[in-house]
Every structure is written in structure tokens, then in C-alpha cells.
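*Asks:* how would this look folded up:
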Amino acid sequence: MSLKNQQQQIHEIRSIVLEQYEKHPELYDSIDIEWIQNDDWPIEECIRSDKLLNNFKILNDGLLFRKQQRLPRLIETDFPAELFRIGFVHGNGKDYDGNELLFIRVKCYYKIRLREQIFRNFILFQMERCLHRSHGHGITMIVDFNGFSYANIDLDFIIWGAKLLTKFCPKSLKRIVCYDMSRIVIPFYNIFKRLLSDEIQQRLRFWNDDEIFKYIDRNNLPRYLGDESEMFECSKE
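*Replies:* Numbering: from 1, shown residues only. This is a model prediction of the structure:
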């Protein structure tokens, strides 16, 4: 798609969104509507083809989901401080390609029914922060399997994550890296992969041990993955 055609699509999609907001303001968050009015890149994230209505649907579904999850309204104090301290999900620097880094430490997750939604919202919250930092220029997600055990397995969570990525994954998420994935993970990874769209599957990568240093400077890694700086391992951003 040419730049001229893309700009035209952005203009038309924005107009349709604003029209829908006027008709059904209760379905959308005003923060998102202001974002759409002032920035092109959140709309660009949803342009996958030259089919205007398909691209609008991608954006609109995302806006409705964000409203349902209160995503634009989530703040740090909505979450237990220990989620930040243990570094369950956190951003940390950039890779050599200039992509923002988002780390998920699988060993920090346990299936606790009463806290299930908190865990999910925390992932959404940190992904949202990373997306805004990247401004549509690129994200690398590192799923760290160091220390993974059967206690960390939750099939409902795996299905939720796969569906989330398939339906709402931003175009700027360039790589989803499975780091140090042990053999016991493989059956659950296969379930996860089968639920992903072909487009998302193409973004999957596998890195082990020191291979990570080929793509990310040591100083841009958290301490538990080899950073030698004085940065705290798990602080709030």
C-alpha cells in the first residue's frame, strides 16, 4: 500500500470510529478516542490490507476490548507491589534493532483463581506501557522460561494468551522470543502455537543461553538475564 493510500485509510478509519463514538459513547473510552484523534500510529497498527472495513474492524474490536478491560484507566496502584518487585512482566531498554523490550518471567506465574484476573490485567498494563513507549516503532517480547516447572502450568492462561495475540496483537510486535525453553514446555508450547494465527506464528523465535547477547546489549537486560550494571532487578518503571 502506498503512503498516500495509507494516509487516506487512516483518515477514513478515524472518521468511522468517531462516528461510532457519537452513536455509542458508552462502548468506548474517551482516552482512546482522544488518542485516535491526535495520533496516526494507533490506526496504522491496525492496517493489515487494502480492505478498509477489515482494518476498521481490527481497530474497533481493540477499542471495545480496551474499554471492557479498563485498559486506558489502569495505573500502577491497581496492582500488588510484589508483581513489580518480582519482575513478572516489565519493560527494559531496547534490542539492537531499536525495538522496545518486554520481558515475561513464566516462573513468576501460578494459577491462583482469586488472582487470575490481576495477573492478566498486569500483562495488559505492561504491554500497554511498552506499546506507548515504542510509538509503533517496534517491540520484542521475551518470554523467559528459566526456572519453569509444572507448578507454572495453566492451560486456561495459555489459551487466553494465544487468543489475545491472535486477535489484538499490534503490528509493531516484531518478535515473540521463547528464551531457554526446556523440554517440559514443548507439549504446552505446541498447544499454544496451534491456537495462533499464521501471521503470529511467523514472529516466534527461539533463543538459548548466550544467544540473547547477539540481539540485545548486556546493559539492556535485567540482572537475572546477564546485566552487569547497577540497575535494580525488579523495580517499577
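
*Asks:* domain assignment for this protein?
*Replies:* As assigned by automatic domain parsing, the chain contains the domains 3-69, 74-225.

*Asks:* As CSV, the ones you listed with mean neighbour count and mean pLDDT would be great.
*Replies:* (Each C-beta comes from the backbone N, C-alpha and C, glycine too.) Shown next, in CSV, are the domains of the chain (neighbours: other CB atoms under 10 Å; pLDDT from 0 to 100):
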stretch, mean neighbour count, mean pLDDT
domain 3-69, 15, 93
domain 74-225, 16, 92
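
*Asks:* For the spatially most central residue of the chain, give its distance to Leu59.
*Replies:* Within the chain, one residue has its C-alpha closest to the average C-alpha position: by CA atoms, centre = their mean, that is Met127, at 4.0 Å. According to CB to CB, to the nearest Å, Met127 stands 17 Å off from Leu59.

*Asks:* Kindly report the same for Leu173.
*Replies:* With distances taken as CB to CB, Leu173 is found 16 Å from Leu59.

*Asks:* just checking, Tyr28 touches Leu18?
*Replies:* No. Judged on CB atoms under 8 Å, Tyr28 makes no contact with Leu18 at a distance of 9.8 Å.

*Asks:* For the spatially closest residue to Pro170 that is not a sequence neighbour, give me phi and psi.
*Replies:* Closest residue to Pro170 in three dimensions, ignoring its sequence neighbours and counting by CB to CB, 6 or more residues apart in numbering: Glu45, at 4.8 Å. Geometry field for Glu45 lists phi and psi as phi -60, psi -20, criterion degrees, to the nearest 10.
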